[in-house]
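Visitor: next one to model:
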Amino acid sequence: MVCFGLYFHIRPGPSYGWVPIVCLALFILSFSLGMGPLCFVLLGDFSLPRLAALAGTISGLTNWGSAFLTTLVYSDMKRVFGLAGTFWFYAACSAAGAVFSLIVLPETRGKSFK
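Guide: Numbering: from 1, shown residues only. You can find the predicted model right below:
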C-alpha cells in the first residue's frame with residue numbers, strides 16, 4: 001500500500017504503468033498469506049468446539065463486513081485524502097493491525113484448551 005501511495009503521489013508517467021500491477025499482486029499475495037486468513041486461524045485457536053459454528057459465522061461476517069465497508073468508503077476517502085493519501089491510510093491501518101497482532105495475540109502453538 002505504501003508503494004501504491006508513493007506511485008500515485010509521484011505519478012511517474014506511462015512508462016511505469018506496470019508498477020501498480022506489481023504492487024497489487026504483492027499486496028494480494030501478502031494479504032492472502034498473512035492478515036487475510038488470520039481471523040479464521042484464530043477461530044481454530046480460541047473457540048471451543050461447541051461454539052465453532054457461531055464463532056465461524058461471527059468471524060466471517062466481521063471479515064466480509066470490513067471488506068464491504070472499505071469498498072463503500074473508498075470513493076469518499078479518495079475525494080478527501082486524494083489517491084495517494086487513501087493508500088497511505090490503508091498502509092497505516094495494515095501496519096497497525098500487524099503491530100496489534102504481534103503485541104496482543106498470544107502464541108498458541110503446542111497449547112491445548114485444558
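
Visitor: show me what the lowest-mean-pLDDT helix or strand in the chain is packed against.
Guide: Of the helices and strands making up the chain, the lowest-confidence element is helix 38-46, at a mean of 74, by mean pLDDT, DSSP states H and E. Contacts defined by 3 or more CB pairs under 8 Å, 6 or more residues apart in numbering; DSSP states H and E place helix 38-46 against helix 52-104. (Each C-beta comes from the backbone N, C-alpha and C, glycine too.)

Visitor: rewinding a little: show residues contacting the least confident helix or strand of the chain.
Guide: 52, 55, 56, 59, 60, 62, 63, 101, 105, 108 (CB atoms under 8 Å, 6 or more residues apart in numbering).

Visitor: try it again at 10 Å.
Guide: For helix 38-46, the external contacting residues (CB atoms under 10 Å, 6 or more residues apart in numbering) are 31, 37, 51-52, 55-56, 58-60, 62-63, 66, 97-98, 101, 105-109, 111, 113.
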